[in-house]
Structure formats: C-alpha cells, structure tokens
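**Q** Have a look; sequence and predicted model below, questions after that.
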Protein chains: 2
Amino acid sequence: MIKRTLVHETWGDHAALLARGQTDTVGSVGVVVPQVVDIATPTTPLVLQYGATLEHVAVAYETYGELNSQGDNAILICHALTGSAHAAGAHDKQQVPGWWDPLIGPGKPIDSNEYFVISSNVLGGCYGSTGPSSINPVSGRPYRLSFPRYTIRDMVMVQKRLLDKLGVTSLKAVIGGSMGGMQVLEWAAMYPEQVRSIIPIGIGARHSAWAIGLNEVARRAITSDPNWQNGNYPPEQQPDAGLGLARAIAMLSYRSLDSLEAKFGRERVSASRDLLGVSFEIESYLSYQGVKLVQRFDANTYLYITRAMDDYDLAEGRGRLAEVLAKMTMPALVMGIDSDVLYPEQEQKQLVEILPSAEYARICSPHGHDAFLIEFPQLAVRLRRFLKAVT
Amino acid sequence: MIKRTLVHETWGDHAALLARGQTDTVGSVGVVVPQVVDIATPTTPLVLQYGATLEHVAVAYETYGELNSQGDNAILICHALTGSAHAAGAHDKQQVPGWWDPLIGPGKPIDSNEYFVISSNVLGGCYGSTGPSSINPVSGRPYRLSFPRYTIRDMVMVQKRLLDKLGVTSLKAVIGGSMGGMQVLEWAAMYPEQVRSIIPIGIGARHSAWAIGLNEVARRAITSDPNWQNGNYPPEQQPDAGLGLARAIAMLSYRSLDSLEAKFGRERVSASRDLLGVSFEIESYLSYQGVKLVQRFDANTYLYITRAMDDYDLAEGRGRLAEVLAKMTMPALVMGIDSDVLYPEQEQKQLVEILPSAEYARICSPHGHDAFLIEFPQLAVRLRRFLKAVT
C-alpha cells in the first residue's frame, strides 16, 4: 500500500480539503482473479422481463475485500455500456488496472479494508457473462442474434442471484455511472429492502429521445457494415468499420465541445488535402477509439446492450415516476457532470427533487459524460464522505 | 400580397412588438425562375485556393426584387450545407417555398420591394452549380471524386464573380446561417470594400474539433457503404444507407435534447421487441430524415462540402484572428441560438467581442442549431431593425 497525496485538480471541496493539509491513503487491491459462477440451471432458469427463459447463465465477477459474518458490508459496483467486471486491481497476465481502480482498494473511498466490493459483468455482456457471443449449450454454437432481448432489470435480477450465492444479505451501497447508474436505480426499485444507499452517477430516470437517437445511429453503423453479415460474422472477423464508427459517434457524445477543443482544436495530422485521408487530430482520435473498441468488444453485444439502455425507463409498469421515486427512501448520492451533453444535469436534478433522501453532487469537468471515469479526485471526496455516513 | 399578423411564439422582442399591436406585412415573391450563368471560361478560369483550375463553372441562382441603377441595393443570401439557391418564392413545378421564404419577399424583413436579393447554389453544390455530380466537359462523364477540393473562400470567390456579372457594385448585407455564416464572414474578410454589413447566424470564426468530428463520422458513414463504390455509384443508385445515416447523425447535432424530448420523448412506433426493428418515434424520425436527404442530395457532394466546412478557419493565412476580425469594420449583426450544441453561443460571442461594430442577438429556442430555419418571428424582427439602419 502506498501512502501519497491524492493527485487532483483544483476544483471545489477537494481543493479545500487539501488546502487544510488533509491527504488520502491510497492502495491497490493487487492481483485479482476473475471468477465465474452459474446463476441459472434447468431447474432454476432465468425468466427474462420479455418472457424468454435461459437455463444456463454464467456471471463473470470480481470481489475486493472480505464479506463480514453478517453479510452486510457489501458494495455493488455496476459498469457502463462497454465496461467489464474488472473495476479494480490488475489481472495476472495483463496489468491493466480496473476502470475504477483509483476509487476502489484498501484505504480508498470504496475501501476494501472495510467493505466487500462486488463487480460483475452484466447479463448479455461479452466479458465472461452469458450473452450474444456465448456458446448456446443447446446448439453448441454462438447465440448471436438468437440470444433473447434483455433489459436493465434482467441485469439486476442476475446480480441479485449472484449476491445470494455469495451470501450477501444487505448492500451498503450500489454504485455506478451511465448504464451503471441505470442498474443502481433499478436496484432501488426492485430490491429496496436490501439496498441501504444508492449512488447513481450521470444518469436520469429514463433514456431520452436524444440518447436513444445516438444509440440508434450507432446500431445502424454496425448493421450497415457488410461484414456484420446479419450478425453471423466469425468472432475473428468483426464488422470493424461499423463497430468502429459506432464507437466514434458515441465518443463524441461522451465528451464535450470544450474538452475536444482543448485537446485537439484544429491540429492537423497531415497537410494533405486528400478528400478521403485523415486531416485533423480529432479524426485520428475518433478512428483510434474505434480501433481500440473493435479489439475488445463484440458487435452484436453492442446492439443488445444499447437496446437495453434505450428501453430503460424506471417508471415503466410501475405507475407514475414520482411515485416510483418516492418509494426509494434509502439515502441517495446523485452525481451529475456539468458538461455532460448525453445525460445532462437536469436529469439528475429531477431525481434529486423527488427522491426522499437525496443529495446532489456536481462534478465540475470539461470532459463531458466521461468525467465519471476521469475526475477521480472529485468522485473520491464525495464517495468517501457519503459512504462513511451510511449505516 | 397578403397582409397578416406574423405567426409567432411568445419569445422576446417580437412578442413585445405584437403586444403593442404592431403587425407585419408579409408577401410572397411568387413564382421564381431559377437561372444559371457561367462564371469561368478557358480564358477566365477559376483558380481555387488549393491550386486547381476550373475552366467551366456554372452557378445556379435566384434573384428577388430589382437592382437599382447604382447597383448598390443588393443583399446576398448564403445557404447551409444541404441548401440550395431556392431561398424564397416557389418554382413553377414544385410549389415548395424557399428555405427562408418567411423572411424574403415584398414587405418582409429582407424586402424585395426595396432590395435586390441574390441567392446562389455554392460552388461544388448539387443544385445546379458545378460540383462533383456535374459532367466534366473534358471527359463527358461526371466528375465524382476527380472534382478538385474547394473551400468556403472558393465559394465566395464564385459568388463575387456572379455579382459582378449581375452589375452589383456594393452589397447592403451578406446574410447566412451555419455554413452560410462562414461565407458571410469570408465575404467580410475577402471583399470588405463591397460589403456594407454582415449578418452571420449560428457560426463562429473556425470549425471546432467537435464539429469536425461530427462531419467526419458522417463522411465515414457514406464511404463505408458498399454502394458508394469509391464514389462511382450511378446517379440513380446512391449509397442510400450511408448518406441516410450521415444525415441522421447530423440531425442529432442540429437539434437539442430538449426539442427531441418534447417532440418524441419515449413514444414508440411499435410494441415489438425486435432487435433490429424500429422501436421509438425518434428512430423513425431519424430514418425519415435520412430518406428525405437521399432523395435530394448527392453523397459525393456531401463529402466535399463537409471538408470545406472543416477547413473553414477565418484566420488561416491571414495572421491572428483578432487582427482579422478587427479589420471587419462594417456593422455586424451576429446572431446565436441559446440551445445550439453544434456552434454554441460562445463562438458567436467571441466574434462580437472583437468585431469593431458588432451587436449580438440571441435567438431563444429549444430547437438547437436548426432554429435559424425555424424561428422566423425572432429572426424577422432582428433582421428588419438592423437592415433599416444600414446605409
């Protein structure tokens, strides 16, 4: 464990904390071994929201820290669209730290010395949990488009089964940003008696037309690629152009005009005036982001998960939204990002206005929606304070 | 000519005007005959900014009103990316009013009783002016990708030649939104002695990384479509999917979260949970916008014009931006739209801060960038007042 002063930018509370000479103890969970468990069997099948049944469902997950004897010191971390269970520490082979490593670990705000932290790949994902790219045990071939449509609620139901297997009786907190935040809010609606606090970040109560539209053009980029082959591409020959373009479109919505302007402006990679060449740094960046995603993510899975996001509506089938939110009486820390153009602050403020025990924390950042994966000092101070107060 | 009270929404100055009982006289320029003129010949070729030479350049244009004997009552209207010369009135066959018809005509703010109004299709367009879809007179076949790259400055140079042909000695105003605004500002930089006032709307001094990125993903949508055939598609067999997707992406940036939410929200067109079907109204809308554009616009031209927009930088080759703007001493009415996420108000405010004789007018609208094609009452009152004061 390394003790050091938190690296930070001089915004808000955190700067004030540091100005008072307070420092943060930051350690790593170290090497993490990913695990997989089956949460459905032919005798305990998973019945999805839209009616389909799955008799075999693997869930890939990681845990950090130890569950106490009461089973109630658990914190669930929920990942976003292209995320995985690998939230903290490093794997044996590839020493890539988890996507929220600065926040999870011994002495960190989500303190693995105190809490049993669980992070799992969502149902229908492509990082070890059963999904469209998994082998259908009946046919012996990948599901691909024969995989049933699933929803955020289905993801949460699967997480619930995982927690039951692990012996978790009560969650101190459910935490997540973006699609992770959708799961957080569904947890509070589906299993309120097991959730002692919620921390949804950069998300609202339902997917807006704007967000649906952005997902839809991304899906069309994939399905328009002839290499997609109606979903039947071989695993080693993805629709690279389509999935890469989908990612490029999404990246623009994850950032902001100001952050892209500061980072790239009108810098050129080439003086060439080739109509089809790469002229500007921003073009090169978007292309690179696409290439990176193609190497790590499955195109069909992208279609399914974005559909699950688009279908997300906390009130659906539950009555009026205000009534649904009013029932979520556990303490809530709702975080929003001032430059988020995808899920703007107005969506988080709507939650805060109606949730009975909510406080709002603004993340000040030029980085847009992605700030929940970037602004660790600001997230850290809010998480630490809030979690300490949760009983 | 019909005298009626302007249809309006209750925003700002205009509502106040109407509250005082003032009405607006609104007429139509009636049936307009599109015209075409050659502005380059082998002896007077057009040499483009990047060095290429065109020996034949047709320009399609329309005029409304009469040029006075001094040739100085002219107003030039500049169109946006997918626009045309058809700004006002109606054509014989198709009774579609021009894209700024509510603002141009007898008694309207851009008053054809007083002014000689000129609107031309840009160089490199696909509405009658010479461009990638035109026949190359040397080969007898369409230029397609053999057409040279052109810039906003080239578009303006062509407009200058058109005005010279028409006998215009001085422009009372140059007016345009979006890419039209780029032309307006280039006019002020290239021919300041001929421009008595400028009205750029919803545009800044250079294309941002954000705007370039959006154009780039749109271009990739087109070039990824196999029907694009490296630009060699037959005119009757466009890359429909690619061009449609490019338009869908662009439409999201032309609107705003609020306007799409108000118009579509989470309304569904179908209860089907088909992975690949159309679920939400917003998807249907974006698809429809794509289909409409495919019917009226050329895919290669989309690639060229978006490149011209991306290359737009008022300061390029002219020194520091502040110095370039400081030389534009004519009165300027800079208009911005409060919900514009593509060219946000900060870009217009930068212009206003530096331009020596600029005033700023905010268009209050939920409609985002496209408000310059929607919020006619607000545009009308600002245009009328400003133009009356220009000598």
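**A** That came in fine, so what should we check first? This one's a predicted model, so the numbers in the text were calculated from it and none came from an experiment. Numbers count the residues shown, from 1 in each chain, chains lettered A, B, ... in the order given.

**Q** and stretch A:320-329, what's its mean pLDDT?
**A** Model confidence over stretch A:320-329 averages 98 on the pLDDT scale.

**Q** Check what contacts that stretch and list those residues.
**A** The contact list for stretch A:320-329 (Cβ atoms under 8 Å, 6 or more residues apart in numbering or on different chains) reads A:185, A:188-189, A:192, A:198, A:205-206, A:314-315, A:318, A:351, A:354-357. In short, each C-beta sits where N, CA and C put it, glycine included.

**Q** Around chain B, pick out the residues from the stretch 51-200 of chain A.
**A** Contact residues, the stretch 51-200 of chain A versus chain B (Cβ under 8 Å from any Cβ of the partner chain): A:145, A:149.

**Q** Would you pull up the residue in the stretch 51-200 of chain A closest to chain B?
**A** Closest contact between the stretch 51-200 of chain A and chain B, by Cβ to the nearest Cβ, is at residue A:149 (5.0 Å).

**Q** Now do the SS call for that residue.
**A** coil (DSSP: H, G, I helix; E, B strand; the rest coil).

**Q** Low-confidence stretches in chain A?
**A** A:1-26, A:93-94 (pLDDT under 70).

**Q** Spell out the residue ranges of the helices in it.
**A** Using DSSP state H, the helices found in chain A span residues A:12-19, A:152-166, A:179-190, A:209-223, A:240-254, A:257-263, A:281-296, A:299-311, A:321-326, A:345-354, A:376-389.

**Q** Distance to residue B:274 and mean neighbour count added to those, as a markdown table?
**A** Below are the helices of chain A laid out as a markdown table (distance: least, Cβ to Cβ, whole Å; neighbours: other Cβ atoms under 10 Å in any protein chain shown):
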| stretch | distance to residue B:274 | mean neighbour count |
| --- | --- | --- |
| helix A:12-19 | 46 | 16 |
| helix A:152-166 | 17 | 21 |
| helix A:179-190 | 21 | 26 |
| helix A:209-223 | 12 | 25 |
| helix A:240-254 | 19 | 25 |
| helix A:257-263 | 35 | 19 |
| helix A:281-296 | 25 | 19 |
| helix A:299-311 | 10 | 24 |
| helix A:321-326 | 26 | 16 |
| helix A:345-354 | 28 | 18 |
| helix A:376-389 | 38 | 20 |
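
**Q** Residue B:232 is nearest to which of these?
**A** helix A:240-254 (18.8 Å; Cβ to Cβ).

**Q** Tell me what angle that closest one forms with helix B:209-223.
**A** Calculated by axes from the mean of the first three to the mean of the last three Cα atoms, to 10 degrees, helix A:240-254 forms an angle of 160 degrees with helix B:209-223.

**Q** just to revisit the earlier point, compile the helices of chain A into TSV and extend it with columns for distance to residue B:215.
**A** Shown next, in TSV, are those (distance: least, Cβ to Cβ, whole Å):
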stretch	distance to residue B:215
helix A:12-19	35
helix A:152-166	33
helix A:179-190	28
helix A:209-223	14
helix A:240-254	11
helix A:257-263	13
helix A:281-296	9
helix A:299-311	23
helix A:321-326	37
helix A:345-354	28
helix A:376-389	33
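
**Q** nearest to residue B:256, of these?
**A** helix A:209-223 (7.7 Å).

**Q** chain center to that closest one: distance?
**A** 18 Å (Cα atoms, centre = their mean, to the nearest Å).

**Q** swap in stretch A:233-241?
**A** Worked out by Cα atoms, centre = their mean, stretch A:233-241 lies 24 Å from the chain centre.

**Q** got a list of contacts for it?
**A** A:133, A:142, A:222, A:225-229, A:290-291, A:294, A:298-299, B:220, B:224.

**Q** 6 Å instead, please
**A** Here stretch A:233-241 makes contact (Cβ atoms under 6 Å, 6 or more residues apart in numbering or on different chains) with A:222, A:225, A:227, A:228, A:294, A:299, B:224.

**Q** Give me the distance between the residue nearest to the residue of the stretch 51-200 of chain A closest to chain B when sequence neighbours are not counted and residue A:156.
**A** Using Cβ to Cβ, 6 or more residues apart in numbering or on different chains and skipping residues adjacent in sequence, the residue nearest residue A:149 is residue B:273, 5.0 Å away. Look at residue B:273 and residue A:156: by Cβ to Cβ, to the nearest Å, they are 18 Å apart.

**Q** Contacts only, for the most centrally placed residue in chain A.
**A** Of all residues in chain A, the one closest to the mean position by Cα atoms, centre = their mean is residue A:80, 1.9 Å from it. Contacts for residue A:80 (Cβ under 6 Å, 6+ apart) come out as A:178, A:179, A:180.

**Q** show me what contacts residue A:102?
**A** Residue A:102 neighbours (Cβ under 6 Å, 6+ apart): residue A:376.

**Q** just to revisit the earlier point, determine which two of the contacts of stretch A:320-329 are furthest apart.
**A** A:206 and A:357 (21.2 Å).

**Q** Now stretch A:89-106: buried residues?
**A** Residues A:89, A:90, A:97, A:98, A:99, A:100, A:101, A:102, A:103, A:104, A:105, A:106 are the ones in stretch A:89-106 that count as buried (16 or more other Cβ atoms under 10 Å in any protein chain shown).

**Q** roughly how far out does it sit from the chain middle?
**A** Per Cα atoms, centre = their mean, the centroid offset for stretch A:89-106 relative to its chain is 15 Å.

**Q** now stretch A:123-137
**A** For stretch A:123-137, the distance to the chain centre is 17 Å (Cα atoms, centre = their mean).

**Q** Also stretch A:121-140?
**A** 18 Å.

**Q** Look at that stretch and report the distance between its end residues.
**A** 22 Å (Cα to Cα, to the nearest Å).
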